[in-house]
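Asker: this one's structure only:
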Ligand code: GAP
């Protein structure tokens, strides 16, 4: 059987099995917003946990953080987002649809520069575009109940800035020494002009970011370290190597803060089967900490200008900025400097999509098609399902006991409905690595059947061994 490669099939599996639903579906849905269902919320939590485990729990040099989504407006002035975080867009004069200029395709036989030969993706009109202009991607909202103290604030477009503005707090309250990192997982929001491909590009999404602070001059070494470490994270969790690659950015692609950037790309089954960004790893230099030092100096001006960010001038920097409030003193080298930053920035939703696509497989069992998700045990939503073969002869009671015992350690599922073959198929499709079946023999010799998802091999083990068996096999 052919492996499933079409995005529509993934979308339909996700809906049918309760991984992902359209947001507000009973009201016709809200474009580009999605809800994770019972299986999807387990998958997503497991992906978050796997990231946190490998970056915070298993490393001595990274600590975690959980910042608020709303931040002081000056944060976004200093970071550059208030002025520069925009897509260049154009509006079709025929149908009024706004498009990103860099997403417009050329009409056949038209290779003219500019917009003259470009096609509107909504109505097909060629070259009917307004002058390109910037479109700010940050969502705005009002904070404060009174007219006097209410102000315009932004929903964060990246979690990174919460880390930079807490750099001093973390230094002062923990025993970290450079090189070290701060990690955070959380929601980010961007009013994307084009959303696409299910959960690939949405307006509300979750990021998992590390800001790794190091001494200037060691940044290139750490950049190499993170390229390797982040590639390995995906393959360790089961993504096939042939579907993953590292792509360095061209100079003209680099974000305003980056000295170098490499994308971890996955071969997603949409676009034209193209490689698409899963994660970006950037060398942000000392840009952000320096900018926040400048931003801190403008606080009085911000009050004087009544919070008008466009009137804040960030150009001035003190000559001894290397000794500023966000600098670091290296005790051994007896040197003070603004640290450089390497930033691996991953998307939790995009990772979930890649794990779903990569795990999906079809094979044939006794002439029947079997759809399965070959999830790595660490991310499988359900680790083990427990079935009594039939609903009588004391089997449900034994099965319940085993289930109650192992569910303390793993997310498990109990099912006594329908034929056991059908129950196996349902678990295969949910990606459950093991099914434990209690049958007539269990009462005689205290053994149960353990069936493995990928090979469908079955073995009998003593029922007192189930917990230990799963612990070893799942290795989580
Ligand atoms: N702090 C750096 C930063 O935010 P980015 O390349 O804009 O860099 C990092 O975003 C990651 O966040 C992307 O590789 C992607 O996985 C995820 N991401 C960004 N925009 C997204 C969107 N609109 N929908 C889903 N995921 C998104």
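Answerer: Perfect, thanks for sending it. What you are looking at is a predicted structure, and each value in this text was computed from that prediction instead of being measured. Numbers count the residues shown, from 1 in each chain.
Asker: switch to C-alpha atoms for all contacts and neighbour counts from now on
Answerer: OK.
Asker: which residue does the stretch 101-250 of the chain bring closest to the ligand?
Answerer: Taking Cα to the nearest ligand atom, the ligand has its nearest neighbour within the stretch 101-250 of the chain at residue 201, 3.4 Å off.
Asker: Can you name the residues that contact that residue?
Answerer: 32, 192, 195, 350 (Cα atoms under 8 Å, 6 or more residues apart in numbering).
Asker: Can you pull the phi/psi pair for residue 329?
Answerer: Dihedral pair for residue 329: phi -100, psi 120, per degrees, to the nearest 10.
Asker: let me fix that: residue 471
Answerer: Reported as degrees, to the nearest 10, the phi and psi values for residue 471 are phi -60, psi -50.
Asker: Let me know the pLDDT of it.
Answerer: At residue 471, the predicted lDDT confidence score is 94.
Asker: Sketch out the low-pLDDT regions of the chain for me.
Answerer: 1-5, 110-111, 271-273 (pLDDT under 70).
Asker: For it, which segments count as helices?
Answerer: 7-16, 38-52, 73-79, 81-84, 160-164, 167-173, 219-236, 287-296, 299-304, 348-359, 395-406, 420-430, 440-445, 466-474 (DSSP state H).
Asker: Save these as a markdown table, and put in distance to residue 458 and mean neighbour count too.
Answerer: Below are the helices of the chain laid out as a markdown table (distance: least, Cα to Cα, whole Å; neighbours: other Cα atoms under 10 Å):
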| stretch | distance to residue 458 | mean neighbour count |
| --- | --- | --- |
| helix 7-16 | 27 | 16 |
| helix 38-52 | 25 | 19 |
| helix 73-79 | 56 | 22 |
| helix 81-84 | 56 | 17 |
| helix 160-164 | 47 | 22 |
| helix 167-173 | 51 | 13 |
| helix 219-236 | 26 | 16 |
| helix 287-296 | 55 | 21 |
| helix 299-304 | 67 | 14 |
| helix 348-359 | 21 | 22 |
| helix 395-406 | 17 | 18 |
| helix 420-430 | 12 | 18 |
| helix 440-445 | 14 | 13 |
| helix 466-474 | 13 | 15 |
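Asker: Give me the distance between residue 237 and residue 16.
Answerer: 25 Å (Cα to Cα, to the nearest Å).
Asker: swap in residue 419?
Answerer: Remark: distance between residue 419 and residue 16 (Cα to Cα) = 20 Å.
Asker: can you check residue 280 too?
Answerer: 32 Å.
Asker: cool, residue 169 as well?
Answerer: 46 Å.
Asker: related to what we said a few turns ago, most widely separated two among the contacts of residue 201?
Answerer: 192 and 350 (15.3 Å; Cα to Cα).
Asker: my guess is residue 293 contacts residue 323, does it?
Answerer: No: using Cα atoms under 8 Å as the test, residue 293 is too far from residue 323 to be in contact (10.3 Å).
Asker: which residue packs closest to residue 235, ignoring adjacent ones?
Answerer: Once flanking residues are discounted, residue 235 sits nearest to residue 241: 6.3 Å by Cα to Cα, 6 or more residues apart in numbering.
Asker: If you tally nearby residues, what's the number for the closest residue to the ligand within the stretch 1-150 of the chain?
Answerer: Per Cα to the nearest ligand atom, residue 32 is where the stretch 1-150 of the chain lies closest to the ligand, at 9.0 Å. Other residues lying near residue 32 total 20 when counted by other Cα atoms under 10 Å.
Asker: What's the separation between the closest residue to it other than its chain neighbours and residue 44?
Answerer: Spatial nearest neighbour of residue 32, excluding adjacent residues (Cα to Cα, 6+ apart): residue 202 at 5.0 Å. Relative to residue 44, residue 202 is positioned 16 Å away (Cα to Cα).
Asker: and this protein, which of its residues are near the ligand?
Answerer: By the rule Cα under 6 Å from any ligand atom, the part of the chain lying against the ligand is 158, 160, 200-203, 205, 207, 277-280, 345-347, 350.
Asker: from those, which is closest to residue 311?
Answerer: Closest to residue 311, out of all of the residues of the chain next to the ligand and judged by Cα to Cα, is residue 158, at 23.7 Å.
Asker: how about that closest one, what does it touch?
Answerer: Contacts of residue 158 by Cα under 8 Å, 6+ apart are 187, 188, 189, 207.
Asker: May I ask which of those has the most neighbours?
Answerer: Neighbour counts for the contacts of residue 158, by other Cα under 10 Å, peak at residue 207, which reaches 25 neighbours.
Asker: how close does the residue lying closest to residue 74 once chain neighbours are set aside sit to the ligand?
Answerer: Closest residue to residue 74 apart from its sequence neighbours, by Cα to Cα, 6+ apart: residue 295 at 6.5 Å. Separation of residue 295 from the ligand (Cα to the nearest ligand atom, to the nearest Å): 19 Å.
Asker: doesn't residue 314 make contact with residue 295?
Answerer: Yes: between residue 295 and residue 314 there is a contact at 6.5 Å, judged by Cα under 8 Å.
Asker: what is in contact with those two at once?
Answerer: residue 78.
Asker: Find the pair from the residues of the chain next to the ligand with maximum spatial separation.
Answerer: 160 and 200 (19.9 Å).
Asker: Among the residues of the chain next to the ligand, which ones are in strands?
Answerer: Using DSSP state E, 205, 207, 277, 278, 279, 280, 345, 346, 347 are the members of the residues of the chain next to the ligand that sit in strands.
Asker: Bridged to the second one, which residues?
Answerer: Beta-bridge partners recorded for residue 207 (DSSP bridges): residue 186, residue 347.
Asker: Wait, it touches residue 159, no?
Answerer: Yes: at 6.9 Å, residue 207 counts as touching residue 159 under the criterion of Cα under 8 Å.
Asker: got any residues that touch both of these two?
Answerer: With Cα under 8 Å, 6+ apart, residue 207 and residue 159 have common neighbours 185, 186, 187, 188.
Asker: Need the max-distance pair from these.
Answerer: Pairwise distances across the shared contacts of residue 207 and residue 159 peak at 9.6 Å for 185 and 188 (criterion: Cα to Cα).
Asker: any shared contact partners between those two?
Answerer: In contact with both residue 185 and residue 188: 159, 206, 207, using Cα under 8 Å, 6+ apart.
Asker: re earlier: list the contacts of the residue of the stretch 1-150 of the chain closest to the ligand.
Answerer: When contacts are counted by Cα under 8 Å, 6+ apart, residue 32 is found next to 195, 196, 198, 199, 201, 202, 203.
Asker: just the buried members of those?
Answerer: Those of these that meet the buried threshold are 198, 199, 201, 202, 203, by 16 or more other Cα atoms under 10 Å.
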